[in-house]
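# Let me see the structure of the following:
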Amino acid sequence: MTPMLRLDWCSHAAAKYAVTHWHYSRSMPTPPVVHLGVWETDQFCGVLLFSRGSNNNQLRPYSLHCTEGCELTRVALRGHHTPVSRLLRIACLLVHRSQPGLRLIISYADPFYGHHGGIYQAAGWLYSGQTDTDTAYRDATGRMWHSRAVSATGLTRYYGRPRRVPRFDACTKVPLPGKHRYLYPLDAAMHAQLLPLAQPYPKRASSSVSAAPVHPAGEGGATPTEALRL
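As a prediction, the model looks like this:
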């Protein structure tokens, strides 16, 4: 029997549970964040999170204002029956309906973790190549840190407040390949504008680290409101 699918806005607590348990990063993206929960037959299966992303200039190449685009920053799911490509289509539709001024959604697949963007390819997103290479830092516990989250003094400012972070001299540099960039235009004019940028989809490559997501049995999540039933 096919389970009943439901996508709807969920709480920050439910989203954080899904990300910390079922996403390889184990971390929430920088706010503001839109949380879309996924339920199958009233069983909480995870979240899709949309935010502005960490790159303030990612919309500039498309001549868009910061309110006209967003980034799909997390897909954190445990065992589910619905193909992720279908979840993506529904989630993008819901986000567009809630924000009619949106024209573009961007997402990235990280080849360092063995990701090539198969879920975006199956959902028909446009592929526009890879970002520039980068450098990450691995601390003594093995945790990976973005280059902007490490400092020479061990202190940085986060939303205006001092915050302790790893020091450069206490970490090991890790070169990172460019991430695969995928684009999802939300109107015909934007699709026509982006179509010349489309490149052939990349194929799956071996990962640089072991990054298999954790999928425990888990518990049901928050109770949704005004659910979209399909």
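
# Which secondary structure state does the most centrally placed residue in the chain sit in?
The centre of the chain sits closest to Thr73, judged by C-alpha atoms, centre = their mean, with a distance of 2.2 Å. Going by DSSP: H, G, I helix; E, B strand; the rest coil, the secondary structure assigned to Thr73 is strand.

# That one touches Phe50, doesn't it?
Yes - contact criterion C-beta atoms under 8 Å: Thr73 and Phe50 qualify, at 6.8 Å. Where C-beta positions appear, they are placed from N, C-alpha and C, glycine not excepted.

# Mind listing the shared neighbours of those two?
Val33 (C-beta atoms under 8 Å, 6 or more residues apart in numbering).

# how about the strands in this protein?
Counting by DSSP state E, one finds strands in the chain at the ranges 5-9, 33-40, 43-51, 69-77, 104-109, 126-130, 134-138, 144-146, 155-158, 161-164, 172-176, 180-185, 228-229.

# Mind checking those for the one nearest to Pro61?
With C-beta to C-beta as the criterion, Pro61 lies closest to strand 126-130 of those, at 8.9 Å.

# who's in contact with the closest one?
Under the criterion C-beta under 8 Å, 6+ apart, residues 117, 120-121, 177-185, 194-195, 197-202 lie in contact with strand 126-130.

# how does this structure divide into domains?
5-130+178-229, 134-176 (automatic domain parsing).

# Quick one: mean pLDDT over the shortest one.
For domain 134-176, the per-residue pLDDT values average out at 90.

# what does stretch 18-37 give?
For stretch 18-37, mean pLDDT is 93.

# Also stretch 89-96?
Here the average pLDDT along stretch 89-96 is 96.

# about what we covered before: quick one, which of the contacts of strand 126-130 are buried?
Buried members of those, scored by 16 or more other C-beta atoms under 10 Å, are 117, 120-121, 179-185, 194, 202.

# Endpoint to endpoint, stretch 192-199 covers what distance?
For stretch 192-199, the first-to-last residue distance is 14 Å (C-alpha to C-alpha, to the nearest Å).

# Can you list the neighbours in contact with that stretch?
With C-beta under 8 Å, 6+ apart, stretch 192-199 has contacts from 62, 104, 126-129, 183, 185.

# same thing but 6 Å
Residues from elsewhere that reach stretch 192-199, judged by C-beta atoms under 6 Å, 6 or more residues apart in numbering: 126-129, 183, 185.

# Put together CSV for these, with distance to Trp145 and pLDDT on each row.
Below are the contacts of stretch 192-199 laid out as CSV (distance: C-beta to C-beta, whole Å; pLDDT from 0 to 100):
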residue, distance to Trp145, pLDDT
Leu126, 31, 98
Tyr127, 28, 98
Ser128, 27, 97
Gly129, 26, 97
Leu183, 28, 98
Pro185, 33, 98
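
# how about the residues you listed, which pair is most distant?
Once C-beta to C-beta is applied, these give Gly129 and Pro185 as the farthest pair, at 16.1 Å.

# Now the longest helix belonging to the chain - C-alpha only, CSV.
Counting residues, the longest helix found in the chain (DSSP state H) is helix 84-98. Written as CSV, here are the backbone C-alpha positions of helix 84-98 (Å, rounded to 0.1, in the frame of the first residue of the first chain):
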residue,chain,number,x,y,z
VAL,A,84,13.4,12.5,-3.5
SER,A,85,12.9,14.0,-6.9
ARG,A,86,9.2,14.2,-6.3
LEU,A,87,9.7,15.7,-2.9
LEU,A,88,11.9,18.4,-4.4
ARG,A,89,9.2,19.3,-7.0
ILE,A,90,6.5,19.6,-4.3
ALA,A,91,8.7,21.5,-1.9
CYS,A,92,9.7,24.0,-4.6
LEU,A,93,6.1,24.5,-5.5
LEU,A,94,5.1,25.2,-1.9
VAL,A,95,8.0,27.6,-1.4
HIS,A,96,7.1,29.4,-4.7
ARG,A,97,3.4,29.7,-3.7
SER,A,98,4.3,31.1,-0.3
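
# Sounds good, over and out.
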